[in-house]
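In: What follows is a predicted structure for the sequence shown.
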Amino acid sequence: MDKLQVVVEKNKCIGCSLCVKTCPTHNLKIQEDKAQVILEDCLFCGQCEAVCPRKAVTVSGYDHAPEEKNKEERLDPGQVLNTIRFRRTVRQFQNKPVPTEVVKQILEAGWMTHTAENKRDVSFIVLDQEKGRFEKLAVNLFRKIKPLADLINPLARNNVIDDHFFFFKAPLVILVVAEDKTNGLLAAQNMDPGYGVSQRALSALGTAKGDECPVEMRHKAVECEARTKQIAEGFQNCRSAFTAIGDETRQLILQVLLESDLSGIRVGEIALKTHLTRPSVSHHLQILKEAGIVAMRKEGTKNYYYLSVQGTQWKAIADLVNLIYESVRHISEDADR
């Protein structure tokens, strides 16, 4: 693709200022009765080209030639509403290849998606032979976190994570990758056969349970690979912290600290409330302190122990738990459906 630029042909321009009025970034002006581009930096949304009555303004540099809309096409509102109303997720697919022409049509629907600021930051990865490798990564992650999901969601306990848990034996997988998650979701929705693909494509891709497409379009595989790495790193970083708080005696001390004043509490008071000896409390507090769970401040010769997010591992633990929760939530949602 060549460098994108907005070009104004002076001999065609009549100075009507429609392009100036429609430009969302105010990057056009009328000078000497002709439209003129102010800066080269532009969204290249094509609005100026679309409204120009004399075709004097064009956006050049795209790989494809501009297409003109020959006639007004109106969709039946009732059919559109029913498409949205009766759409469902498909998890049973026919064991047959997806026609190349249909794949191209689906990809075009995603590529033509209107994105914020016309970023077009969405790309697509079509997995055919490689989908097994991506699915294996996702399945391994879900199997590791399933015991946590079983504790949180009773429905997850009945969910069996087999080798095809993620892509459900779909013959083809399209990964949607975007810098901006919203743009990726918009593209995925347009690519969804329930919304953006023609009825001809739908009929060509009928499944065993209705006329829906056997293309499992998910960008979760990429997310799962990244999340697996983050969770592994999180456990590595928080290992000493989890070891420290895994002891029931130290959990009792933490409960006392949670109930105490933010200014801190001394060993003797903790011993009194927990019915532990002072040496025992000191021993466990030292372990908690070294693990980054408990903070300590000195006031003369006195030591005060307290809980704080500053200089401790609590933020790292919270981030790790959130990562695990998101993974568990995906499992739970699949179980609920």
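Out: Received it, and whenever you're ready, just let me know what you need. Quick caveat, the model's predicted, so the values are computed rather than measured. Numbering: from 1, shown residues only.

In: Which residue, other than its chain neighbours, is closest to Tyr304?
Out: In space, and not counting its chain neighbours, Tyr304 is closest to Gly264: 2.9 Å by Cβ to Cβ, 6 or more residues apart in numbering. Where C-beta positions appear, they are placed from N, C-alpha and C, glycine not excepted.

In: ok, that neighbour touching Tyr305?
Out: Yes - at 5.6 Å, Gly264 and Tyr305 qualify as touching, with contact defined as Cβ atoms under 8 Å.

In: Touching both of those two, which residues are there?
Out: With contacts taken as Cβ atoms under 8 Å, 6 or more residues apart in numbering, Gly264 and Tyr305 have Met296 as neighbours in common.

In: Which one's more surrounded, these two?
Out: Legend: neighbour count by other Cβ atoms under 10 Å for Gly264 and Tyr305, higher for Tyr305 (23 against 20).

In: So the more buried one: helix, strand or coil?
Out: Per DSSP: H, G, I helix; E, B strand; the rest coil, the local secondary structure of Tyr305 is strand.

In: what's near enough to touch it?
Out: The neighbours of Tyr305, taking Cβ under 8 Å, 6+ apart as the test, are 257, 264-267, 270, 285, 289, 294-296.

In: could you pull out the strands for the stretch 1-150 of the chain?
Out: Per DSSP state E, counting those that start in this stretch, the stretch 1-150 of the chain carries strands over the ranges 5-8, 28-31, 34-37, 57-60, 122-127.

In: who wins for proximity to Ala109 among these?
Out: Closest to Ala109 of those, according to Cβ to Cβ: strand 122-127, at 10.5 Å.

In: Quick check: buried residues in stretch 47-55?
Out: 47-49, 52 (16 or more other Cβ atoms under 10 Å).

In: any idea of the mean pLDDT for that stretch?
Out: For stretch 47-55, the mean pLDDT works out to 92.

In: what about it, start to end distance?
Out: In stretch 47-55, first residue to last residue: 12 Å (Cα to Cα, to the nearest Å).

In: Would you mind pulling the contact partners of it?
Out: With contact meaning Cβ under 8 Å, 6+ apart, stretch 47-55 is reached by 6, 12-14, 16, 18-19, 22-24, 28, 35, 57-59, 66.

In: pLDDT weak spots in this structure?
Out: Along the chain, the parts satisfying pLDDT under 70 run over 1-2, 63-66, 148-149, 151-153, 193-226, 328-337.

In: what's the neighbour count on Val139?
Out: 18.

In: Also Val122?
Out: Using other Cβ under 10 Å, Val122 has 23 neighbouring residues.

In: That one is in contact with Ile174, isn't it?
Out: No - here Val122 does not reach Ile174: they are 11.4 Å apart, not a contact under Cβ under 8 Å.

In: Please enumerate the shared neighbours of these two.
Out: In contact with both Val122 and Ile174: Gly110, using Cβ under 8 Å, 6+ apart.

In: Let me have the strands of the stretch 1-150 of the chain in CSV, adding distance to Ala244 as columns.
Out: Below are the strands of the stretch 1-150 of the chain laid out as CSV (distance: least, Cβ to Cβ, whole Å):
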stretch, distance to Ala244
strand 5-8, 61
strand 28-31, 63
strand 34-37, 63
strand 57-60, 61
strand 122-127, 42
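
In: do you know which of those lies nearest Glu101?
Out: For Glu101, the closest of those is strand 122-127, at 13.6 Å, according to Cβ to Cβ.

In: picking up where we left off before, quick one: contacts for the residue nearest to Tyr304?
Out: 296-297, 304-306.

In: can you pick the most crowded of those?
Out: With neighbours taken as other Cβ under 10 Å, the top of those is Tyr305, carrying 23 neighbours.

In: Arg297 belongs to a strand?
Out: Yes - counting by three-state DSSP, Arg297 falls inside a strand.

In: separation between it and Asp261?
Out: As for Arg297, its distance to Asp261 is 12 Å (criterion: Cβ to Cβ, to the nearest Å).

In: now the longest helix seen in the chain, how far from the chain's geometric center?
Out: Determined from DSSP state H, the single longest helix within the chain is helix 220-245. Centroid displacement of helix 220-245 relative to its chain, using Cα atoms, centre = their mean, to the nearest Å, is 18 Å.

In: Could you check the angle it makes with strand 122-127?
Out: Here the directions of helix 220-245 and strand 122-127 differ by 90 degrees (axes from the mean of the first three to the mean of the last three Cα atoms, to 10 degrees).

In: What helices and strands are in contact with helix 220-245?
Out: helix 131-152, strand 172-178, helix 248-259, helix 278-290, helix 314-336 (3 or more Cβ pairs under 8 Å, 6 or more residues apart in numbering; DSSP states H and E).

In: 10 Å - rerun?
Out: Counting contacts by 3 or more Cβ pairs under 10 Å, 6 or more residues apart in numbering; DSSP states H and E, helix 220-245 packs against strand 122-127, helix 131-152, strand 172-178, helix 248-259, helix 278-290, helix 314-336.
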